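> Predicted model follows, preceded by the sequence.
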Amino acid sequence: MNASDVQNIDLSKLLATVKERQLNEQELALLNANHVEFDTFIGLHFTDFGPERIAATVEADPRHHQPAGQVNGGVFCSIGESMGSYAGFVAAGVPVVGMNNNTDLIRPVTSGTIEAEAIAIHVGRRTQIWRIEMKQDGKIAAITTLRTMVMG
């Protein structure tokens, strides 16, 4: 697959087939270039995406800070919501929406890479529960427990 092929792929078709396998590098680039504007705003960058694992990074910088100079807790809540929603879509094959977002802030982050991974706790026909672990340098910075409702 070359660069022009990546531009010609229909993103909805790509997401529809993701239940079958992990995305390759070119497909990840397409996803990262075309996901929703809010995820672009916070800097969410998927590093692995598929039925086996969904992982992403955010490069924390001053735009993410609250007045004390640490990453705002809402950023962690947003990472958790986005990651759990994408994971829910992959698991259900249809969109899901957040019903409850509980994010525990464990350690402060001021800058650098935040690594996030979505882990399935419960995947039912109508609801799902996801645990999103956000780490920096291998240490837990925040944990989101996200309950979603399947829309299809």
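That came in fine, so what should we check first?
> where's residue 73 relative to residue 104, distance?
10 Å (C-beta to C-beta, to the nearest Å). Bear in mind the C-beta positions are built from the backbone N, C-alpha and C, glycine included.
> Need the residues touching each of the two.
Here residue 73 and residue 104 have residue 142 as joint contacts, going by C-beta atoms under 8 Å, 6 or more residues apart in numbering.
> I'd like the next helix or strand past the helix or strand of the chain with the lowest mean pLDDT.
Ranked by mean pLDDT, DSSP states H and E, the weakest helix or strand in the chain is helix 3-8, scoring a mean of 46. Proceeding N to C from helix 3-8, the next assigned helix or strand is helix 11-17, under DSSP states H and E.
> now that next one, how far from the chain's geometric center?
16 Å (C-alpha atoms, centre = their mean, to the nearest Å).
> residue ranges with poor pLDDT in this protein?
Counting by pLDDT under 70, the chain contains low-confidence residues at 1-12.
> Residue for residue, what is the longest helix it has?
In the chain, ranked by residue count with DSSP state H as the criterion, the top helix is helix 73-92.
> Determine the next helix or strand in the C-terminal direction from that helix.
Counting by DSSP H and E, what follows helix 73-92 is strand 96-105.
> Show me the contact partners of that next one.
73, 76-77, 80-81, 84-85, 88-89, 127-128, 141-151.
> Mind exporting the C-alpha coordinates of whatever helix or strand comes next after that strand to CSV?
Per DSSP H and E, the first helix or strand lying C-terminal to strand 96-105 is strand 112-123. The C-alpha trace of strand 112-123 is given here as CSV (Å, rounded to 0.1, in the frame of the first residue of the first chain):
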residue,chain,number,x,y,z
GLY,A,112,6.0,14.2,28.1
THR,A,113,4.2,11.2,26.7
ILE,A,114,1.0,9.8,28.2
GLU,A,115,0.5,6.2,27.0
ALA,A,116,-3.1,4.9,27.2
GLU,A,117,-4.6,1.5,26.7
ALA,A,118,-8.3,0.4,26.8
ILE,A,119,-9.0,-2.9,28.5
ALA,A,120,-12.4,-4.6,28.3
ILE,A,121,-14.0,-5.4,31.7
HIS,A,122,-17.5,-6.3,30.4
VAL,A,123,-18.7,-6.4,26.8
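> elements contacting the next helix or strand after strand 112-123?
For strand 112-123, the following helix or strand on the C-terminal side (DSSP H and E) is strand 127-136. When contacts are defined as 3 or more C-beta pairs under 8 Å, 6 or more residues apart in numbering; DSSP states H and E, strand 127-136 sits against helix 73-92, strand 112-123, strand 139-150.
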